[in-house]
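1. no letters, just coordinates:
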């Protein structure tokens, strides 16, 4: 087998480099380390997030499982800027969390090593799984775990080919 896992250092460095360009304003958006000069919005995700926010008094707190260095946060935040409060919690692999905390964390965007750590600090009402389940060894166990935690909403986004 010649393939490597998503925790490969080369993949991490590409993601980090792309997000640094977003942070510096050199690019508008990235997805899986690929840079874009304009944001490609996912209107189904945005409509779900806005629906969840309005049903919660214009407050939104998202647990973004496998959210890299905040890709979906950066993609969506322009549409969410008028909310009373926005909290975006990324649960990721250790290398991403350490880097995220060091270089990209803000009052709105936080990084956590696992779901339990996140839930100890924040109480997200939404679990977002965007294009991540196919990379998880035991997807059904993860889904059962997330459902058992009684999030108000669970968004399971399947990548389109």
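-> Yes, it's here. Source: prediction; values computed, not measured. Numbering: from 1, shown residues only.

2. run through this structure and note the low-pLDDT ranges.
-> 1-7, 159-161 (pLDDT under 70).

3. need the helices for it, in chain order.
-> Secondary structure of the chain (DSSP state H): helices located at 9-24, 43-54, 71-76, 94-99, 115-121, 139-148.

4. in the last one, what counts as buried?
-> In terms of neighbour count (16 or more other C-beta atoms under 10 Å), helix 139-148 has its buried residues at 142-143, 146. (Glycine included, C-beta is placed from N, CA and C.)

5. please apply the same query to the fourth one.
-> Burial within helix 94-99, assessed by neighbour count using 16+ other C-beta under 10 Å, is assigned to 95-97, 99.

6. nearest to residue 108 among the helices of the chain would be which one?
-> Nearest of the helices of the chain to residue 108, taken as C-beta to C-beta: helix 71-76 at 7.6 Å.

7. list the residues that contact the residue nearest the centre of the chain.
-> In the chain, the centroid-proximal residue (C-alpha atoms, centre = their mean) is residue 67; its distance is 2.9 Å. Residue 67 is in contact with 73, 88, 90-92, 128, 130, counting by C-beta atoms under 8 Å, 6 or more residues apart in numbering.

8. how does it look with 10 Å?
-> Neighbour list for residue 67: 73, 88-92, 96, 100, 109, 111-112, 128-130, 132 [criterion: C-beta atoms under 10 Å, 6 or more residues apart in numbering].

9. one more: residue 73?
-> By C-beta under 10 Å, 6+ apart, the contact list for residue 73 reads 62, 64, 67, 80, 86, 88-90, 104, 106, 108-109, 128.

10. what's the neighbour count on the residue lying closest to residue 53 once chain neighbours are set aside?
-> Setting aside the residues directly before and after it, residue 53 is nearest to residue 60 in space (C-beta to C-beta, 6 or more residues apart in numbering), at 4.1 Å. For residue 60, the count of nearby residues is 23 (other C-beta atoms under 10 Å).

11. same question for the one 3 residues further on.
-> Taking other C-beta under 10 Å as the neighbour definition, residue 63 ends up with a count of 26.

12. wait, it touches residue 118, no?
-> Yes: Residue 63 lies in contact with residue 118 (C-beta atoms under 10 Å); the separation is 5.7 Å.

13. find the residues that touch each one of these two.
-> Both residue 63 and residue 118 are in contact with 89-91, 112, 124, 127, where contact means C-beta under 10 Å, 6+ apart.

14. adding distance to residue 52 and neighbour count, write the residues you listed out as TSV.
-> Formatted as TSV, these follow (distance: C-beta to C-beta, whole Å; neighbours: other C-beta atoms under 10 Å):
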residue	distance to residue 52	neighbour count
89	14	27
90	17	28
91	18	25
112	20	23
124	10	22
127	11	24
